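Q: Provided below for reference: sequence and predicted model.
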Amino acid sequence: MGEAEQDRIETQEYLVNMGPQHPSTHGVLRLLLKLEGEIVHHVDPHIGYIHSGIEKMCESLTYPQIPYLTDRMDYLSAHMNEEAVCLCIENALGVEVPDRVKYIRTIFSELQRLASHQLWWCVMGMDLGALTTFFYGLRDREKILDIFEETCGARLTLHYSIPGGLMFDIHPNFRNRVHEFLNYFREKLPEYDQLLTGNVIFQERTRGIGIFPREAVINYGVTGPSGRASGFSCDVRKHHPYSAYPFVSFQEALDDRCDTLARYKVRIREMWESMSIIEQLIDNIPEGDYQVKLKGVVKLPEGEYFQRVESARGDFGVFIISDGKKSPYRLKFRSPGFSNLSALHAMSKGWKIADLVAIMSSLDLVIPDIDR
Amino acid sequence: MSLEDLNTFIQSIEPAAEVVQGKQFPEVMVPDDRLHQLALELKENPSTAMDYLICLTGADFEDHMKVIYHLESTVHNTVLVLKTKTLSRINPVLPTVCDIWQTAEFHEREVFDLLGIRFKGHPDMRRLFLSEEWGFPLRKDYVDEVRIVDR
């Protein structure tokens, strides 16, 4: 046997299951990997482990009941999801909510985005082996959940927006608590950079990994921070403004480096932007009603209605086909995680398993959002 | 592009298509056998440039199935709704668009899983959420035997 032949190690393609209990699949996502050595040749996501048939259930629920279920889809952007349903119903009915409602909804959405990005940050660190980030992120997220709890009694599945406005008015402490939080988090956010962003191991594992160009991002419908990191300007808040977004000025966080580090940095920048949006609104919440009384039985006029909002993971859409009855004829949720997952195969092909973990955390997948 | 321009543009590609102004967006209804050609043209032609497929929805009606494509142009920042319906409700088949917008590969599998619409030319037409022996839950005549939804 020649020396060259001895050095060559024979490898063959084989199949490995990753998940459904793998910690970095964030829930119950199972990936069937086709590997050659450590190189990923094919990723086949198997989903549906927690498919709950929400779209089917909505067909037998009344309109005011639907936001209860949307909270349980992407539980980390619960408020954005319910806001989308409420806006869709309000637009269909031709109801204009008071400015006060718009302001409070926007503040809640941005707080929710902050909480979601904080959790994403600590989990991303943990996926890449930095356990400390987990404690830093959860410590700060707790403060936001406390604010939610004080106003609406819930920490995760808020159900604060209802068709026609809000369930209750804000707590008298709300303004002070939000100011307190902003002052606190403005000091803490630079810690995130010190702890993780500048870390050599972290940079080596993310820079230039999972490059996904702009054309591919659009083709696969990847939206939210993951899309914007490839230069796809897809912020619904900018392109189709809703609630109080027309009244605030903010920058859409865009990056054109297209890699995992870019997706990370876009989210960090978004946290700064969210804080600035809340700051512009919190002292200017107009006086007025927090609710418009709708009829006892809400019936949407016959037709089709589509409403999009920017959730923490991207473009979230609600599509209602109404036949004029008190429940929708067909209701479809366009969930950002679903489209983002459709790109996972193309994004991770040719990279190593360890890179796949980094790529997956940079997509920020939430499984109930995908399974619905 | 105004509705009239859009109408002329679409009629020039596909005379059988109908263009109407919906409640929110312009809507185009196209026969199923002409869907692929029109979709490709809508994406490739620079005057429409519908390069982003927002979502793909299937719905069951009494005698046919409908599939609704929400498209957006990232160049012009416009939204267009493309609709098509299947000839048969029992054995519905439509051409795939996943060679035009790759995200459709997943979305079409979802529609197949929940409504049983087959997409011709799809590279991997398997169930997505449910197991092989399950019925198609979003069909209106679906019987919920285990009473998951109707309690």
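A: On my side now, so go ahead. Numbering: from 1, shown residues only, chains lettered A, B, ... in the order given.
Q: Not counting its neighbours along the chain, what's nearest the residue in chain B positioned nearest to chain A?
A: Closest to chain A within chain B is B:Phe129: 3.2 Å, counting by Cβ to the nearest Cβ. Every C-beta, even on glycine, is put in place using the N, C-alpha and C of the backbone. Counting by Cβ to Cβ, 6 or more residues apart in numbering or on different chains, the nearest residue to B:Phe129 once its immediate chain neighbours are dropped is A:Gly48, at 3.2 Å.
Q: doesn't A:Asp371 make contact with that neighbour?
A: Yes. In this structure, A:Gly48 is within contact of A:Asp371 by Cβ atoms under 8 Å, at 5.9 Å.
Q: Looking at those two, which is more packed in?
A: In this view A:Gly48 and A:Asp371 are compared by other Cβ atoms under 10 Å in any protein chain shown, and A:Asp371 has more residues nearby, 23 against 20.
Q: Now the closest residue to the more buried one other than its chain neighbours, what are its backbone angles?
A: In space, A:Asp371 comes closest to A:His51 once its chain neighbours are excluded; the distance is 4.4 Å by Cβ to Cβ, 6+ apart. Dihedral pair for A:His51: phi -70, psi 120, per degrees, to the nearest 10.
Q: What of A:Met80?
A: Note on A:Met80: backbone dihedrals following degrees, to the nearest 10 are phi -60, psi -40.
Q: Quick check: it vs chain B, distance?
A: Distance from A:Met80 to chain B, counting by Cβ to the nearest Cβ, to the nearest Å: 16 Å.
Q: count of residues packed around that residue?
A: Counted with other Cβ under 10 Å, A:Met80 comes out at 26.
Q: Report the contact partners of it.
A: Neighbouring residues of A:Met80 by Cβ atoms under 8 Å, 6 or more residues apart in numbering or on different chains: A:74, A:109, A:112-113, A:309-312, A:316.
Q: if we can go back for a sec, so what sits against both of A:Gly48 and A:Asp371?
A: Here A:Gly48 and A:Asp371 have B:Phe129 as joint contacts, going by Cβ under 8 Å, 6+ apart.
Q: who's the residue lying closest to A:Phe306 once chain neighbours are set aside bridged to?
A: With Cβ to Cβ, 6+ apart as the criterion, A:Phe306 has its nearest non-adjacent residue at 4.9 Å, and that residue is A:Phe319. Legend: beta-bridge partners of A:Phe319 under DSSP bridges are A:Phe306, A:Lys332.
Q: Surely A:Phe319 touches B:Cys55?
A: Yes. At 6.8 Å, A:Phe319 counts as touching B:Cys55 under the criterion of Cβ under 8 Å.
Q: Going by proximity to chain B, name the top residue of the stretch 51-200 of chain A.
A: A:His51 (4.0 Å).
Q: List the contacts of that residue.
A: Applying Cβ under 8 Å, 6+ apart, one finds that A:His51 lies in contact with A:371-372, B:129-130.
Q: Now residue 87. Nearest residue, chain neighbours left out?
A: This is for chain A. Across the structure, with Cβ to Cβ, 6+ apart as the measure, the residue nearest A:Leu87 apart from its sequence neighbours is A:Gln307 (4.9 Å).
Q: wrong one, I was asking about chain B
A: In space, and not counting its chain neighbours, B:Leu87 is closest to B:Asp32: 6.6 Å by Cβ to Cβ, 6+ apart.
Q: quick one on the thing from earlier: and the contacts of A:His51, which two are the farthest apart?
A: Greatest spatial distance in the contacts of A:His51: A:Arg372 and B:Leu130, 12.4 Å, computed using Cβ to Cβ.
Q: give me the element A:Pro225 is part of.
A: Counting by DSSP states H and E, the element that carries A:Pro225 is helix A:224-228.
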